[in-house]
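Colleague: I would like to see how this sequence folds:
(chains A, B, C and D)
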Protein chains: 2
Amino acid sequence: MSTEPLVLAVDDEAGVLRLIKLELTTQGFRVITAGGGEEGLRMAEEQRPDIALLDIVMPDMTGLEVMRRLRERTSIPIILLTAKGGDADKVRGLELGADDYLAKPFSPEELSARVRAVLRRTIGSSNAENIVHVGNIEIDLNRRLVKRDGEIVTLTRTEWLLLQVLASNPGKIMLNPELLSKVWGPEYRDDLQYLRVWVSRLRRKLEVEPSKPQLIKTFQGIGYMLDIPGESEPASEEGDEATEDVNEDVEIRT
Amino acid sequence: MSTEPLVLAVDDEAGVLRLIKLELTTQGFRVITAGGGEEGLRMAEEQRPDIALLDIVMPDMTGLEVMRRLRERTSIPIILLTAKGGDADKVRGLELGADDYLAKPFSPEELSARVRAVLRRTIGSSNAENIVHVGNIEIDLNRRLVKRDGEIVTLTRTEWLLLQVLASNPGKIMLNPELLSKVWGPEYRDDLQYLRVWVSRLRRKLEVEPSKPQLIKTFQGIGYMLDIPGESEPASEEGDEATEDVNEDVEIRT
DNA sequence: TGCCGCTGTTATGGAATTGTTACCCGCGTC
DNA sequence: GACGCGGGTAACAATTCCATAACAGCGGCA
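Modeller: A predicted model of the protein is given here:
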């Protein structure tokens, strides 16, 4: 994402709008505001914001109605601003589809935290499909899903963490201390046995023939690598330059 | 939707019913009528109308009560018919989730205009049939309807909200905090026990064998997923010995 | 051949997570 | 005011996970 996220805030109270704009602008967002539902819809149409903040109680149109209309044509994430804690309960069932809501009065910190959280969730999951294919294995880094021959393989948390690190750098040798510190924490950088056990478990679930690993290759004394077979293109995007060097280094072995 | 919208009118005055039926029929709607609350509920259950008109004042049951009961199990849009200046009822009705209201006496034109407007809002926002099939379960996201082996399963509000979130993202792992915040609200992000209890209750109603969930899969420490069989089956056997079962189709012996 | 270093595999018990049930309370109806 | 219903709570049972340790396999090398 090259430019900063664009936030649309819709509220009939100018003071609230000013507060929102001030806070989010200083937090690095771009902000546009609307004083009513109709205006908000128009601006959403014209500017295509990345996220919308909607006050539920407005004179010309309820925030729920605005949300419904927005959702008719876009999947823009929405945070509702509820007037009091009281009606939050009442509203909750109706506004499924809102990604979050915030009770007034809210603190500026909470506002920007919620906005960031929602953006992280929605953009992270919807934007770039980040799927790594290795042989008959498919690793969906966003959805935390692994398939083998099209069938879901259930991984435990540790198994996933390990595979995630490997799959984020396909074709690149991951050094033992690096893997250990990324999965178990920096203080485990010398606990090789963890790696051996969990690589073994991963192989049992993923490899066709665990005793002859095709996916997760061992580099004695150095680390492990998620292999990219043959001429298959890399499904990754950045930071592969180091691969060359390490590979040469490794030719020594076998 | 191929056929004309079906309108259910409930009123104890035969004259009003006749008027409604005449007007709406000539306007291209199909109309069924009921003279009392009980009868109305029964007809709603059997015929699944697209919209309901409810008189607030009736001998056997108040229109508000009928609305409450309808809303427990369906999301059918409702227009209330208020006797006169009964503002209290009007306000209360809208709070309870009526989509519109109409003060008697009303003109035929106004009636059909309101009906059309409400239908446009509610159906228009979801004109695409949105039905999820999972095994022997059918989930109609628009009509808030769940069938098991063709039989309607009645879900409570919370059960439905949870299932709705899951069914809106079939085959995708829904994270625990995501589910919690969408069903109970963001401040319940960490109340895992809610999820455990309600997933269990859902499974009891939907799964063939609740102790071996086929529909709602658990991902420990992560979340839950509404499974799409065929596209994904668990290869979750842990032990070395080939765990036979799993793949054979569920014997639906009901 | 036998020792050694490194890696891979498996069993196990305690810990953590999840599933289930009974019970309670509040609400609205009868 | 008893009753049914939906929903929250807490206790307990069941399941799964994971660190650990013991052991097996495989060269290399003297």
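Colleague: would you map the strands across chain A?
Modeller: A:6-10, A:30-34, A:51-55, A:78-82, A:100-103, A:131-134, A:137-140, A:145-148, A:151-153, A:173-175, A:216-219, A:223-226 (DSSP state E).
Colleague: now mean pLDDT, mean neighbour count and distance to residue A:41 too, for those strands, in TSV please.
Modeller: C-betas here are computed from N, CA, C, even on glycine. Listed next are the strands of chain A as TSV, based on pLDDT from 0 to 100; neighbours: other Cβ atoms under 10 Å in any protein chain shown; distance: least, Cβ to Cβ, whole Å:
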stretch	mean pLDDT	mean neighbour count	distance to residue A:41
strand A:6-10	94	24	9
strand A:30-34	94	19	8
strand A:51-55	91	26	10
strand A:78-82	84	23	13
strand A:100-103	79	20	19
strand A:131-134	88	18	35
strand A:137-140	91	21	35
strand A:145-148	90	20	36
strand A:151-153	88	20	40
strand A:173-175	91	19	49
strand A:216-219	91	17	51
strand A:223-226	92	22	47
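Colleague: quick one: which of these is nearest chain B?
Modeller: With Cβ to the nearest Cβ as the measure, strand A:151-153 is the member of the strands of chain A nearest chain B (4.1 Å).
Colleague: quick one: strands adjacent to that closest one?
Modeller: strand A:145-148 (antiparallel) (DSSP bridges).
Colleague: what does the partner strand contact?
Modeller: The contact list for strand A:145-148, computed with Cβ atoms under 8 Å, 6 or more residues apart in numbering or on different chains, reads A:136-140, A:152-153, A:155, A:160, A:163, A:205-206, B:172-173, B:232, B:235.
Colleague: next one: that strand to chain centre, how far?
Modeller: Chain-centre distance of strand A:145-148: 18 Å, with Cα atoms, centre = their mean, to the nearest Å.
Colleague: if we can go back for a sec, just the contacts of strand A:145-148 now: which is nearest residue B:105?
Modeller: For the contacts of strand A:145-148, the closest approach to residue B:105 (Cβ to Cβ) belongs to residue B:172, at 51.5 Å.
Colleague: is the lengthiest helix in chain A positioned near chain B?
Modeller: Taking residue count as the measure and DSSP state H as the definition, the longest helix of chain A comes out as helix A:108-126. Yes - using Cβ under 8 Å from any Cβ of the partner chain, a contact is recorded between helix A:108-126 and chain B, made by A:114, A:121.
Colleague: so for that helix, what gets flagged as buried?
Modeller: When burial is assessed from 16 or more other Cβ atoms under 10 Å in any protein chain shown, helix A:108-126 yields the following buried residues: A:111, A:112, A:114, A:115, A:116, A:117, A:118, A:119, A:121, A:122, A:125.
Colleague: please apply the same query to stretch A:154-174.
Modeller: For stretch A:154-174, the neighbour count (16+ other Cβ under 10 Å) marks A:154-156, A:158-174 as buried.
Colleague: gap between stretch A:162-172 and the chain center?
Modeller: Taking Cα atoms, centre = their mean, one finds the center of stretch A:162-172 at 17 Å from the center of the full chain.
Colleague: what's the answer for stretch A:12-24, then?
Modeller: Centre-to-centre, stretch A:12-24 and its host chain are 28 Å apart (Cα atoms, centre = their mean).
Colleague: partner residues bridging residue A:174?
Modeller: Once the bridges are assigned, which here means DSSP bridges, residue A:174 pairs with residue A:224.
Colleague: that one contacts residue A:223, correct?
Modeller: Yes - A contact is recorded between residue A:174 and residue A:223 when judged using Cβ atoms under 8 Å, the distance being 4.9 Å.
Colleague: quick one on the thing from earlier: the longest helix of chain A versus strand A:78-82: what angle between them?
Modeller: Using axes from the mean of the first three to the mean of the last three Cα atoms, to 10 degrees, one finds that helix A:108-126 and strand A:78-82 are set 150 degrees apart in direction.
Colleague: show me what helix A:108-126 is packed against.
Modeller: Under the contact definition 3 or more Cβ pairs under 8 Å, 6 or more residues apart in numbering or on different chains; DSSP states H and E, helix A:108-126 sits against helix A:14-26, strand A:51-55, strand A:78-82, strand A:100-103.
Colleague: let's see it at 6 Å
Modeller: Counting contacts by 3 or more Cβ pairs under 6 Å, 6 or more residues apart in numbering or on different chains; DSSP states H and E, helix A:108-126 is packed against helix A:14-26, strand A:100-103.
Colleague: tabulate those (a markdown table), appending distance to DNA strand D.
Modeller: Listed next are these as a markdown table, based on distance: least, Cβ to the nearest atom of the strand, whole Å:
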| stretch | distance to DNA strand D |
| --- | --- |
| helix A:14-26 | 29 |
| strand A:100-103 | 16 |
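Colleague: if we can go back for a sec, got TSV for the buried residues of helix A:108-126, with pLDDT and distance to residue A:46 too?
Modeller: Converted to TSV, the buried residues of helix A:108-126 look like this (pLDDT from 0 to 100; distance: Cβ to Cβ, whole Å):
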residue	pLDDT	distance to residue A:46
A:111	91	24
A:112	92	24
A:114	88	25
A:115	92	21
A:116	90	25
A:117	85	27
A:118	86	22
A:119	87	21
A:121	77	26
A:122	75	21
A:125	58	26
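Colleague: what's the pLDDT at residue A:72?
Modeller: Predicted confidence (pLDDT) for residue A:72: 71.
Colleague: how about the residues of the stretch 1-150 of chain A near chain B?
Modeller: A:68, A:72, A:92, A:100, A:143, A:144 (Cβ under 6 Å from any Cβ of the partner chain).
Colleague: ok, the residues you listed vs DNA strand C, which is closest?
Modeller: When the residues of the stretch 1-150 of chain A next to chain B are compared for distance to DNA strand C, the smallest value, 12.9 Å, is given by residue A:144; criterion: Cβ to the nearest atom of the strand.
Colleague: for the closest one, which non-adjacent residue is spatially closest?
Modeller: Nearest in space to residue A:144, with sequence neighbours left out and distances taken as Cβ to Cβ, 6 or more residues apart in numbering or on different chains, is residue B:173 at 5.7 Å.
Colleague: check contacts around that neighbour.
Modeller: A:143, A:144, B:219, B:223, B:225 (Cβ atoms under 6 Å, 6 or more residues apart in numbering or on different chains).
Colleague: how about a cut-off of 10 Å?
Modeller: Under the criterion of Cβ atoms under 10 Å, 6 or more residues apart in numbering or on different chains, the contact list for residue B:173 reads A:140, A:143, A:144, A:145, A:152, B:217, B:219, B:222, B:223, B:224, B:225, B:226.
Colleague: can you put these in TSV and add distance to residue B:45?
Modeller: Putting the contacts of residue B:173 into TSV (distance: Cβ to Cβ, whole Å) gives the following:
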residue	distance to residue B:45
A:140	42
A:143	39
A:144	41
A:145	39
A:152	38
B:217	32
B:219	37
B:222	38
B:223	34
B:224	30
B:225	32
B:226	26
